[in-house]
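> Just need the structure, nothing else, for what follows:
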Amino acid sequence: MNTITLRLSVMMFLQFFIWGGWFVTLGTYLGSNLSATGGQIGMAFSTQSWGAIIAPFIVGLIADRFFNAERILGVLHLIGAVLMYCMYQATDFDAFYPYVLGYMIVFMPTLALVNSVSFEQLTNPSKQFGKIRVWGTIGWIVAGLMISYVFSWDAQQAIQEGMLRNTFMLCAIASLALGIFSFTLPKTPPKGAGAGTGLREVLGIDALALLKSRNFLIFFLSSVLICIPLAFYYQNANPFLTEIGVENATGKMTLGQVSEVLFMLALPVFLNRFGIKKTLLLGMLAWVLRYVFFAYGNADSGIVLLLIGIALHGVCYDFFFVSGQIYTDAKAGAKIKSAAQGLITLATYGVGMLIGFWVAGQITEAYSTESGHIWTNVWLFPAAFALVVLVIFALLFKDEKVSTDG
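I've put the predicted structure just below:
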């Protein structure tokens with residue numbers, strides 16, 4: 001591993017260590033320590049979507065035109081460190097919410113910036129980027145393992161004592177470190193207004209013409225709709241596992257990231273052998289099965305169902321969202337590739353997840369009781385919703401040949 005690859009790998013590790021170090025346990029912390037309602041927890045998670053919607057303006061209007069990407073990355077993570085420390089100090093939801101909203105607005109643009117810094121330094125991104133990006137997944141896994149097995153902050157007694165609050169301090173320190181480290185990264189100058197990375201491309205305006213294709217329109221709408229079940233996992237999985245008594249829930253959830261890496265390797269084989277339609281359908285079916293397993297699993301005899309549900313994350317994410325990115329890239333053509341990816345990202349992580357977190361908050365609140373939640377009912381809703389999307393997609397989408405090269 002050469003020096004540049006090492007530095008980029010450290011950048012990716014810290015980037016996703018920070019995200020995984022607080023976002024996974026956020027719902028548990030808010031419910032247990034700040035007495036937040038289901039609707040309020042949904043509001044907190046929705047800040048990710050607001051960040052995704054606002055991020056293109058920061059990247060498209062500032063980073064791509066006026067400043068080096070690595071410097072913007074550094075500044076955003078330093079601001080993030082301060083906001084994360086403020087979240088650590090917040091004593092109720094009303095005080096916490098403005099900080100998490102501000103944090104997500106500065107964090108979400110960094111996801112595009114770390115990619116920009118990486119791609120600028122690589123001679124063959126299609127072959128080299130995966131080896132660097134995998135360190136991000138490793139960072140997320142390490143954060144979860146530290147919370148569960150090193151510090152035991154997610155143990156029942158520790159949660160009652162407010163120890164999950166320390167995740168924000170841990171991530172504030174990591175954000176400070178990455179903020180400083182970013183200024184040592186290789187220079188990534190702005191592309192300029194005419195380089196094809198402007199706001200039109202990032203927002204996906206030029207890609208709207210793709211929606212004239214019936215197949216792409218069906219895929220596009222399905223992508224937005226499937227984000228509603230997706231939001232249930234991000235928002236409820238950790239509180240659910242913790243509430244029903246699963247030990248080291250955060251550590252066990254890292255099994256999802258391990259499976260993500262493994263199924264990413266299998267994805268090209270599935271696409272080439274079964275085609276895009278069957279691959280996307282398999283991804284949607286995995287969402288249905290995951291939530292059924294969650295609905296009927298438990299911390300004792302049904303723990304295997306829960307672990308299988310967590311492990312299905314690789315199929316859920318890779319076979320729908322990653323294969324969807326490949327499909328979008330193939331449909332777009334050379335001139336509007338960036339615009340097409342921008343359109344899908346804005347529609348899914350922005351609009352789709354925003355709706356999803358709101359729905360998840362309302363459903364969770366509807367099935368809350370004095371002693372906890374009726375989790376079977378909570379999980380059967382996204383299972384049924386994903387099944388409806390699957391059936392509609394299966395009936396209306398016509399299979400296509402998609403290349404996985406380059």
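> show me where this protein has strands.
368-369, 372-373 (DSSP state E).
> quick one: residue 4 and residue 186 touch, right?
Yes: the pair residue 4 and residue 186 passes the contact test of CB atoms under 8 Å, sitting 6.0 Å apart. For the C-beta atoms, the positions are set from N, CA and C on the backbone; glycine is no exception.
> Mean confidence (pLDDT) on stretch 206-221, please.
For stretch 206-221, mean pLDDT rounds to 92.
> Kindly apply the preceding question to stretch 3-21 instead.
In the prediction, stretch 3-21 has an average pLDDT of 96.
> Buried residues, that stretch. List them.
By neighbour count on 16 or more other CB atoms under 10 Å, the buried set for stretch 3-21 is 5, 7-21.
> can you list the domain ranges for this protein.
Domains of the chain are assigned by automatic domain parsing as 1-187, 205-406.
> quick check, distance from stretch 117-136 to the centre of its chain.
Relative to the mean C-alpha coordinate of its chain, stretch 117-136 is positioned 19 Å out (CA atoms, centre = their mean, to the nearest Å).
> do the same with stretch 30-43
Here stretch 30-43 shows a centroid-to-chain-centroid distance of 20 Å under the convention CA atoms, centre = their mean.
> so how far is the first residue of it from its last?
Start-to-end span of stretch 30-43 (CA to CA, to the nearest Å) is 11 Å.
> elements contacting the longest helix along the chain?
Counting by DSSP state H, the longest helix found in the chain is helix 255-296. Counting contacts by 3 or more CB pairs under 8 Å, 6 or more residues apart in numbering; DSSP states H and E, helix 255-296 packs against helix 125-145, helix 214-243, helix 303-311, helix 313-316, helix 323-332, helix 375-396.
> among those helices, which is nearest residue 358?
Closest to residue 358 of the helices and strands packed on helix 255-296 is helix 214-243 (CB to CB; 8.3 Å).
> Now do the closest one: distance to the chain's middle.
11 Å.
> now it and helix 303-311, what's the angle there?
Relative orientation of helix 214-243 and helix 303-311, computed by axes from the mean of the first three to the mean of the last three CA atoms, to 10 degrees: 140 degrees.
> buried sites along helix 214-243?
215-216, 218-243.
> and if you look at stretch 355-372?
Within stretch 355-372, judged by 16+ other CB under 10 Å, the buried ones are 355-361, 363-365, 367.
> Pull the number of nearby residues for residue 130.
Per other CB atoms under 10 Å, the neighbour tally for residue 130 reads 12.
> Let me see the contact set for it.
Contacts of residue 130 were listed using CB atoms under 8 Å, 6 or more residues apart in numbering, and they are residue 264.
> same deal with the one 4 residues further on?
Counting by CB under 8 Å, 6+ apart, residue 134 touches residue 261.
> Have a look at this structure and report the helix or strand with the lowest mean pLDDT.
Sorting the helices and strands of the chain by mean pLDDT, DSSP states H and E puts helix 199-203 at the bottom, at a mean of 62.
> Now do the contacts for residue 77.
Counting by CB under 8 Å, 6+ apart, residue 77 has contacts 18, 110, 175-176, 178-179, 182.
> Dump those residues into CSV; add distance to residue 104 as well.
CSV is the format used below for these (distance: CB to CB, whole Å):
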residue, distance to residue 104
18, 12
110, 11
175, 13
176, 18
178, 16
179, 16
182, 19
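> Between all of the residues you listed, which two are separated the most?
With distances taken as CB to CB, the most widely separated pair in these is 110 and 176, at 13.8 Å.
> burial of the spatially closest residue to residue 148 that is not a sequence neighbour, as a residue count?
Once flanking residues are discounted, residue 148 sits nearest to residue 251: 2.9 Å by CB to CB, 6 or more residues apart in numbering. Residues lying near residue 251 (other CB under 10 Å) number 18.
> hmm, back to that, who's more crowded, residue 110 and residue 176?
Taking neighbours as other CB under 10 Å, residue 110 and residue 176 compare with residue 110 leading, 29 against 17.
> Let me know whether that one touches residue 75 as I believe.
No: with contact defined as CB under 8 Å, residue 110 and residue 75 do not form a contacting pair (10.0 Å).
> Overlap in contacts, residue 4 and residue 186.
Between them, residue 4 and residue 186 share the contacting residues residue 121, judged by CB under 8 Å, 6+ apart.
> Show the contacting residues for residue 387.
Counting by CB under 8 Å, 6+ apart, residue 387 makes contact with residue 288.
> actually residue 139, not the one I wrote
By CB under 8 Å, 6+ apart, residue 139 lies in contact with 12-18, 20.
> Which members of those occur in helices, if any?
12-18, 20.
> and the residues you listed as JSON lines, adding distance to residue 105?
Below are the ones in helices among the contacts of residue 139 laid out as JSON lines (distance: CB to CB, whole Å):
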{"residue": "12", "distance to residue 105": "21"}
{"residue": "13", "distance to residue 105": "23"}
{"residue": "14", "distance to residue 105": "20"}
{"residue": "15", "distance to residue 105": "16"}
{"residue": "16", "distance to residue 105": "18"}
{"residue": "17", "distance to residue 105": "20"}
{"residue": "18", "distance to residue 105": "15"}
{"residue": "20", "distance to residue 105": "19"}
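> of the residues you listed, closest to residue 205?
Using CB to CB, these come closest to residue 205 at residue 15, 27.7 Å.
> Could you check how far the closest residue to that closest one other than its chain neighbours is from residue 211?
Residue nearest to residue 15 in three dimensions, not counting chain neighbours: residue 114, with 5.1 Å by CB to CB, 6+ apart. Residue 114 sits 29 Å away from residue 211, going by CB to CB, to the nearest Å.
> and if you look at residue 6?
42 Å.
> likewise residue 54?
Distance, residue 54 to residue 211, using CB to CB: 23 Å.
> ok so, going back, of the contacts of residue 77, closest to residue 141?
Nearest member of the contacts of residue 77 to residue 141, counting by CB to CB, is residue 18, at 13.4 Å.
> ok, now which ones touch residue 229?
Residue 229 is in contact with 287, 291, 356, 382-383, 385-386, 389, counting by CB under 8 Å, 6+ apart.
> Among the contacts of residue 77, which lie within helices?
Using DSSP H, these in helices are 18, 110, 175-176, 178-179, 182.
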